[in-house]
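*Asks:* Please work out how this folds:
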Amino acid sequence: MLLHSSSHRTLEYTGREEQVTGDKPALRHYVGIFDPATRELQLVEASKMVIRSTVRDRQADTTAAAHKTAQKVSRLGTDSPASVLTFQTTTEMKNVLGETFGTRKAQKAIRALTENAITRDGGADLDAGELALMNSLKGTTADMATREQLQAAIDKAKPVPSGNYAAEDIAEVYVPEDVIGQEVMRAIPVLDWKKDVKAGKPIQLPSRFVAHRLSRVAAHPEAVRRLRVLRYLLWLIGFWQAARPGSGRDRGLHKLPSQKKWKTLLQPAPDVVLEDIRQKFSDNGIMRKFHVDLLMTHCCVFASIIDDFEVNTMDLRDDLKLEQKEMNQYFKEIGAQVKTQKVDKRQEFFGKLALPLAFPETRQRRRR
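*Replies:* Numbers count the residues shown, from 1 in each chain. Modelled structure (predicted):
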C-alpha cells in the first residue's frame, strides 16, 4: 500500500506499508469506530505505515523554465532584434545544456551554483524548498542581537571604567561613586589626612602624583569626596607596585605577594576596600593583561577627576612605571585627547577629557 500527499505548500508526504520480515508473525493493529447513533462499535484492521516528509523537488520547476525558454527562443528567431535574451534566461539555458551534455565536472559545478544561489528580489524566484528554508531561518534568527547590541556588549567588555557616555557635562561621565562603588567610597578614611594637612605635618607617600596634589585637594570645597578618590588612587598605585611580573610559563602575568604583605603595604585600607580591589583587578592573586589594563584606565580616570579633567601625565607615568606611549594610549582608551605643552622649556604630555569623548577606533584585522 502506498499513500502520497502533495497538498502541503512546501512539503510532500509519502506513506508506505511496513513490510514484514523474519519468521515471526507481525503484530496486528485495529482501530475502533464507534457510531453514537446506533451505539455500535466496529473494529477495522489498520495497516502499519511509515510516513516520510520531503521538500518538494525543484526539478519540475527547472524543466518548466527550460521549456518556457525554448518556446521563447523559437518564437523570436535568430534574425529578430528581440532575440537577445536577458542574462538570467541565457544562464538558465546554459545550465540546462550543461546538465544534459556536459562532463561530470561541469555538471557538478552547475549543481553547486544552483544549490547556493539566492536571488535579490526578496524571494520571488525561490522555489518551494528554498522558501521553506528561508522561513526556518527567519525563526532561528529572530532572537539574534542587533548590531547596536553587539557593539554595546563589546564596549562593556573593554578594560575601561563604566561611564555615562550620554552625559551633557564632562563631570557626569565618570562619577566616582559609580566607578568605585558607594559602599566602598564611604569606607575610605580621610580624616587623618585632613588633620595632618591642616597641622602642616609632613606625610610620606609612595606616589609622586598623590604627594604633589594632597594639599591642594585638602583645601578644595569638596575635600572629603576628592580625598577619598585620591586615597583610592594611592591604593591602586600601591597594589600595582606590589605585584611582581611572572617568568617562564607565567610570562605576561603579574603575581601579588602574600595577602598579609600587600595588606600591610596598603594600610590603613579597610577590608571592604582591599577585597574590592583584589576582586576587581586580579583573579586569585594573578593579574592578567585585562586586569592590568583595567587598573591603568581607572588610574587615568581618577587622575582626571583630581586635576579637573586635564592631567600632566608625568607624575602618574612615573608612579605606574610606564613608557610615555603606553600612558598616552591609556588616556585615549577613556576618551581623552593627549596633547603636548611646554613646561619650563620642556615638552610635557597632557591628557584632557572633554565632550565629545574621542575613543580610539577599533582596529580590524586585514583579510587574507
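*Asks:* use CA for all of it now, contacts and neighbours both
*Replies:* Fine.
*Asks:* State whether residue 53 is indeed within a strand.
*Replies:* Yes - note on residue 53: a strand contains this position according to DSSP: H, G, I helix; E, B strand; the rest coil.
*Asks:* Point me to the helix or strand that includes residue 291.
*Replies:* Taking DSSP states H and E as the definition, residue 291 sits inside helix 289-306.
*Asks:* Can you list the low-confidence ranges for this structure?
*Replies:* Using pLDDT under 70 as the threshold, the predicted model of the chain has low-confidence ranges 1-11, 18-26, 55-90, 114-130, 132-133, 136-156, 362-368.
*Asks:* So what are the structural domains in it, by residue number?
*Replies:* Domain assignment of the chain by automatic domain parsing yields the ranges 2-17+30-55, 59-76+84-136, 165-352.
*Asks:* Would you mind finding the most buried of these?
*Replies:* The highest average neighbour count among the domains of the chain, using mean count of other C-alpha atoms under 10 Å, belongs to domain 165-352 at a mean of 16.
*Asks:* measure it end to end?
*Replies:* End-to-end distance of domain 165-352: 16 Å, with C-alpha to C-alpha, to the nearest Å as the criterion.
*Asks:* What of stretch 96-106?
*Replies:* From start residue to end residue, stretch 96-106 stretches across 11 Å - C-alpha to C-alpha.
*Asks:* Stretch 205-220 now?
*Replies:* Using C-alpha to C-alpha, the gap from the first to the last residue of stretch 205-220 comes to 20 Å.
*Asks:* got a list of contacts for that stretch?
*Replies:* In this structure, residues lying in contact with stretch 205-220 by C-alpha atoms under 8 Å, 6 or more residues apart in numbering are 193-194, 197, 203-204, 223-224, 226-227, 230-231, 234, 237-238, 306, 315-316, 318-319.
*Asks:* what about 6 Å?
*Replies:* When contacts are taken as C-alpha atoms under 6 Å, 6 or more residues apart in numbering, the neighbours of stretch 205-220 outside the stretch itself are 223, 315, 316, 319.
*Asks:* Same question for stretch 290-304.
*Replies:* Stretch 290-304 is contacted from outside by 159, 160, 281, 282, 310, 311, 330, using C-alpha under 6 Å, 6+ apart.
*Asks:* Just send those residues back as a markdown table, with secondary structure too.
*Replies:* Rendered in a markdown table, the data for these read as follows (three-state DSSP):
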| residue | secondary structure |
| --- | --- |
| 159 | coil |
| 160 | coil |
| 281 | helix |
| 282 | coil |
| 310 | strand |
| 311 | strand |
| 330 | helix |
